[in-house]
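Engineer: Sharing a sequence plus its predicted fold:
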Amino acid sequence: MIENKENLNQHIVAKIPIVISYGALQQLLNEKLAGEIIKKEGARGKDTKFAEIVDLTIRKSQNLDFDIEISLQLKSLLLLYKHKRFSLKIDATISVEEKLQKILIKDYEIDSKGLNIIGDNILESFANKFLHGKMIEKMQLDLVPKLKEQLFDINKKLSNRIEAQKGTFVSGNLENLSIIDIQAKPNHLWILIGLNGWGVIEISEIIES
């Protein structure tokens, strides 16, 4: 017979996959990157503007060496090709930085065919610098704070006992959330998180089927 509640607090170690659609990721990155200018900073503060990011799309990479494919829609800001639209495809590898608990781009490769349309090889060089700097920084996904907000709401509900079905109640607490792994699937990112905690299932009424 169990004498007290502390004995009920069975330790739980759980690994749970979270699915994030490419559409949701695309919306987030568009908010961060739309309107960004690829430019060369001049020595006297006069910048040379090459192109503006208008839109981007994301899908699973068709290249087996990479995870995701990012297609940038750009508008030329060069005088000779003013307002001409062109695209730039980037294949990228993503990974989890365990210490920072962030998802980031580990490696990438640019398909420069889109850049050749406007006939300016200089742009390719500065596109690389832009991708290696600002874009990679903005594409780091810090999901942990958002997930912890959701976890707080879940724990709040669990502390008040959730009635899973008539006569059956669930209570508990989950903590120590961490991102363990990430994989690119055909239609979504699959993110594995780890959790610790305890849980109790209480049955106050047994209903025969």
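Structural biologist: Structure's in. What do you need?

Engineer: all contacts plus neighbour counts: C-alpha atoms, from now on.
Structural biologist: Fine.

Engineer: Surely residue 60 and residue 190 touch.
Structural biologist: No. Taking CA atoms under 8 Å as the definition, residue 60 is not a contact partner of residue 190, at 11.8 Å.

Engineer: neighbour count winner among the two?
Structural biologist: residue 60 (20 against 16; other CA atoms under 10 Å).

Engineer: which one is the more buried one nearest to, not counting chain neighbours?
Structural biologist: Counting by CA to CA, 6 or more residues apart in numbering, residue 60 lies nearest to residue 68, which is 4.5 Å off, once chain neighbours are set aside.

Engineer: What of residue 202?
Structural biologist: Nearest to residue 202 is residue 169, by CA to CA, 6+ apart, at 5.0 Å.

Engineer: Likewise for residue 138?
Structural biologist: Distances taken as CA to CA, 6+ apart put residue 32 closest to residue 138, at 6.7 Å, once the chain neighbours are dropped.

Engineer: In terms of helices and strands, where is the one you found?
Structural biologist: helix 22-33 (DSSP states H and E).

Engineer: pretty sure the residue nearest to residue 60 contacts residue 89?
Structural biologist: No. Assessed by CA under 8 Å, residue 68 is found out of contact with residue 89, at 10.5 Å.

Engineer: for the chain, what spans make up the strands?
Structural biologist: 10-21, 37-40, 48-60, 68-76, 85-97, 102-111, 162-165, 168-184, 188-203 (DSSP state E).

Engineer: remind me, longest helix of this structure?
Structural biologist: If you go by DSSP state H, the chain has its longest helix at helix 144-159.

Engineer: Touching that helix from outside, list them.
Structural biologist: Defining contact as CA atoms under 8 Å, 6 or more residues apart in numbering, one finds that helix 144-159 is touched by 101-102, 170-175, 177-179.

Engineer: buried residues in it?
Structural biologist: 144, 151, 155, 158 (16 or more other CA atoms under 10 Å).

Engineer: What is the nearest of these to residue 24?
Structural biologist: Set against residue 24, the nearest of the buried residues of helix 144-159 by CA to CA is residue 144 (16.4 Å).

Engineer: And this structure, split by domain according to the record?
Structural biologist: Following automatic domain parsing, one finds the domains of the chain at 5-18+144-203, 21-138.
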